[in-house]
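Visitor: got a predicted structure here, sequence first:
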Amino acid sequence: MRILIVEDEETLANRIAEVLKKERYEITVAFDGANGLDQALTEPFDLIILDILLPKLDGISVLRELRADGIKTPVLLLTAKDDIEDKVRGLDSGADDYLTKPFAIAELLARIRSLLRRQSDAKSAELVTGDVCVNTHTREVRCSDELVNLTPKEYAILEFLLYNKNRVVSRLSIAEHVWGDSLDSFSMTNFVDVHVKNLRKKITSDNGTGIIETVRGLGYLIRDKE
């Protein structure tokens with residue numbers, strides 16, 4: 001999961017980033033509103049943590065620009081003001097939740113998990129690319145309308161890559177998602193490569209080619225073929 005933090009208090013921004021990295025989130029930090037807006041418009045994120053009082057461009061303006069551009073990424077607003085008007089403006093502008101400074105890290109993590117869970121639940125049960133379809137509720141995989149039997153690890157890798165369509169996913173991210181702490185970094189690359197190789201044998205697109213691309217030196221990619 002990728003999270004963008006837009007916060008001009010560098011100590012706070014770096015502290016949040018450090019905590020979230022330990023929770024296995026991929027973090028990008030911007031220290032002003034203009035840079036934050038640019039990052040959010042050019043890169044895909046699963047969640048944006050956005051301060052209201054920012055230099056160059058305030059958080060409400062950033063939020064309005066994102067929503068006007070059709071970006072529906074969940075936004076958690078941070079504000080130093082315990083002012084109901086700020087909160088109402090933020091929610092009316094498209095924010096999904098808000099948190100008033102100072103806040104406990106445990107509460108921040110709980111809000112993040114809630115927003116990500118809400119976003120995940122809102123997604124369709126089906127992940128599709130070309131003629132490959134995965135039902136995330138039943139865990140049924142079909143290719144050219146034929147049922148495909150996958151091992152639990154193969155299914156987890158395929159689902160993870162489909163959730164991140166059009167993004168390069170590193171071997172480390174796949175390993176952490178599928179195996180967690182049970183896989184050491186020494187054996188990680190081989191384990192991931194072996195499972196992807198087996199998965200490719202079972203999953204192909206309608207023209208007979210594999211849907212999983214190798215991006216040399218970076219990881220794996222599934223493109224949206226719709």
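Guide: Received it, and whenever you're ready, just let me know what you need. Numbering: from 1, shown residues only.
Visitor: switch to C-alpha atoms for all contacts and neighbour counts from now on
Guide: Noted.
Visitor: who are the packing partners of the worst-scoring helix or strand of the chain on mean pLDDT?
Guide: In the chain, the helix or strand scored least confidently by mean pLDDT, DSSP states H and E is helix 84-92, which has a mean of 76. Using 3 or more CA pairs under 8 Å, 6 or more residues apart in numbering; DSSP states H and E, the elements in contact with helix 84-92 are strand 97-100.
Visitor: tell me the gap between the next helix or strand after the strand it packs on and the middle of its chain.
Guide: Counting by DSSP states H and E, the next helix or strand C-terminal to strand 97-100 is helix 105-122. Remark: helix 105-122 is offset 12 Å from the chain centroid, using CA atoms, centre = their mean, to the nearest Å.
Visitor: pLDDT below threshold where in the chain?
Guide: Applying pLDDT under 70 to the chain flags the ranges 81-84, 120-124, 180-187, 205-209, 226.
Visitor: any chance you could map the helices in it?
Guide: 10-22, 33-42, 59-68, 84-92, 105-122, 152-163, 171-179, 185-202 (DSSP state H).
Visitor: out of these, nearest to Cys133?
Guide: helix 152-163 (9.6 Å; CA to CA).
Visitor: helix 185-202 and the closest one, what's the angle between them?
Guide: Angle, helix 152-163 to helix 185-202, by axes from the mean of the first three to the mean of the last three CA atoms, to 10 degrees: 80 degrees.
Visitor: related to what we said a few turns ago, just send the helices of the chain back as a markdown table, with distance to Glu140 too.
Guide: Below are the helices of the chain laid out as a markdown table (distance: least, CA to CA, whole Å):
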| stretch | distance to Glu140 |
| --- | --- |
| helix 10-22 | 32 |
| helix 33-42 | 33 |
| helix 59-68 | 34 |
| helix 84-92 | 38 |
| helix 105-122 | 18 |
| helix 152-163 | 9 |
| helix 171-179 | 18 |
| helix 185-202 | 14 |
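Visitor: may I see the ones you listed organised as TSV, with mean neighbour count and distance to Asp224 added?
Guide: TSV is the format used below for these (neighbours: other CA atoms under 10 Å; distance: least, CA to CA, whole Å):
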stretch	mean neighbour count	distance to Asp224
helix 10-22	14	28
helix 33-42	18	18
helix 59-68	19	23
helix 84-92	15	32
helix 105-122	14	19
helix 152-163	18	9
helix 171-179	18	19
helix 185-202	14	16
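Visitor: was I right about Thr214 contacting Ile222?
Guide: No - contact criterion CA atoms under 8 Å: Thr214 and Ile222 do not qualify, at 9.1 Å.
Visitor: with neighbour numbers in mind, choose between the two.
Guide: Taking neighbours as other CA atoms under 10 Å, Thr214 and Ile222 compare with Ile222 leading, 21 against 15.
Visitor: and this protein, what are its domain boundaries?
Guide: Domains of the chain are assigned by automatic domain parsing as 2-122, 126-222.
Visitor: the last one: end-to-end distance?
Guide: If I follow you right, that is domain 126-222. By CA to CA, to the nearest Å, the extent of domain 126-222 from end to end equals 15 Å.
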